[in-house]
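Enquirer: the following comprises the amino acid sequence and a computationally predicted model.
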Amino acid sequence: LMIDPIDQGERAQYAPAEGGRRATDGRAECLNCDGHNFTGNAMTLVGDFFGTWRAWDAIRGLDYLLSRPEVDRARVGVTGNSGGGTLTSYVTALDPRPAMAAPGCFICSYQSNLECELPSDAEQNPPGILAAGLDQADLLLCHAPRPTLVLGQHDDFFSEAFARRRCLIPATGFYEWQKIDANRRQPWLVRLASGRLFAFAGLWEPAAAIPGAVPTCTILTTEPNEVARPIHDRMPVILDPADYARWLDPAVTIPAEVRPLLRPFPAAAMTAFPVTTAVNNPAFDDPACLTPA
């Protein structure tokens, strides 16, 4: 059973005027962490804790799962990543019914969070936990003697690459596909209005220690600007040339210091037009790929 906690997926709580953003289909939504903290910080001011509401929500999902006649109640486990890892830790600590747990991308230390990332979300900081001399890992003691597997993530936004292996990926444009209906997608070419070369914000990884392996890279994405929004709900991060040195600075190893650079490129400096669907074929290498359809 997969539950959808508040502001974790589809259950957005805030309209754009309240701090949320609007998706390409017109639906109001809010970035997960923002939504958690809009709620959690306000609750903290009145002596409440958002984490208890999320845990209650998840335990009600567990109630439903265990009510199903086909479920083996003795073999139910809980797992989740990031916000789901937090909930996994809480639910298993509070409820004796899960037989096992696998929290991902949550169990850390508060000191490491302060040193390596932006502050964690409001629900990840139970009131009084530090005053009691406890840390996140101590939540796992509440799981004992049930088996617990602590999971981490290697190739994600918060990886070592983001801290130490940032790069520029040059381009003169990029393609994005606009959904027309269930069976058709129209390719668009998006580029600078000037036609000049630009650079995406990228991360790179060295070649794995296996024969034939090569270095790899990835392009980071962000929310779309006014040019890209009618086409897709995301766009690559195009860096301002004034930010190249900051992005590449090897002395900057704290992600929070360069994360503000990952913003939509100004729409006034960009253009987009539909191109031939022949670009859907990777083998089609022709000037027609750059010509308006």
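Expert: Thanks, I have it.

Enquirer: and V78, what element?
Expert: strand 77-81 (DSSP states H and E).

Enquirer: partners of that strand, with directions?
Expert: strand 100-104 (parallel) (DSSP bridges).

Enquirer: follow-up on the earlier one: just checking, next helix/strand downstream of the strand holding V78?
Expert: Past strand 77-81, the next helix or strand by DSSP H and E is helix 83-94.

Enquirer: what's that following helix packed up against?
Expert: helix 50-67, strand 77-81, strand 100-104 (3 or more CB pairs under 8 Å, 6 or more residues apart in numbering; DSSP states H and E). Backbone N, C-alpha and C define where each C-beta goes, glycine included.

Enquirer: now do the strand or helix carrying D34: distance to the chain's middle.
Expert: D34 is located in helix 32-45, with elements delineated by DSSP H and E. How far helix 32-45 lies from its chain's middle: 18 Å, per CA atoms, centre = their mean, to the nearest Å.

Enquirer: if we can go back for a sec, got the helices and strands packed on helix 83-94 as JSON lines, with distance to E257 and mean neighbour count columns?
Expert: Converted to JSON lines, the helices and strands packed on helix 83-94 look like this (distance: least, CB to CB, whole Å; neighbours: other CB atoms under 10 Å):
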{"stretch": "helix 50-67", "distance to E257": "27", "mean neighbour count": "16"}
{"stretch": "strand 77-81", "distance to E257": "25", "mean neighbour count": "20"}
{"stretch": "strand 100-104", "distance to E257": "26", "mean neighbour count": "20"}
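
Enquirer: the ones you listed into a markdown table, with extra columns for distance to N37?
Expert: Listed next are those as a markdown table, based on distance: least, CB to CB, whole Å:
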| stretch | distance to N37 |
| --- | --- |
| helix 50-67 | 9 |
| strand 77-81 | 19 |
| strand 100-104 | 20 |
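
Enquirer: ok, which of the ones you listed comes nearest L220?
Expert: Closest to L220 of the helices and strands packed on helix 83-94 is strand 77-81 (CB to CB; 19.1 Å).
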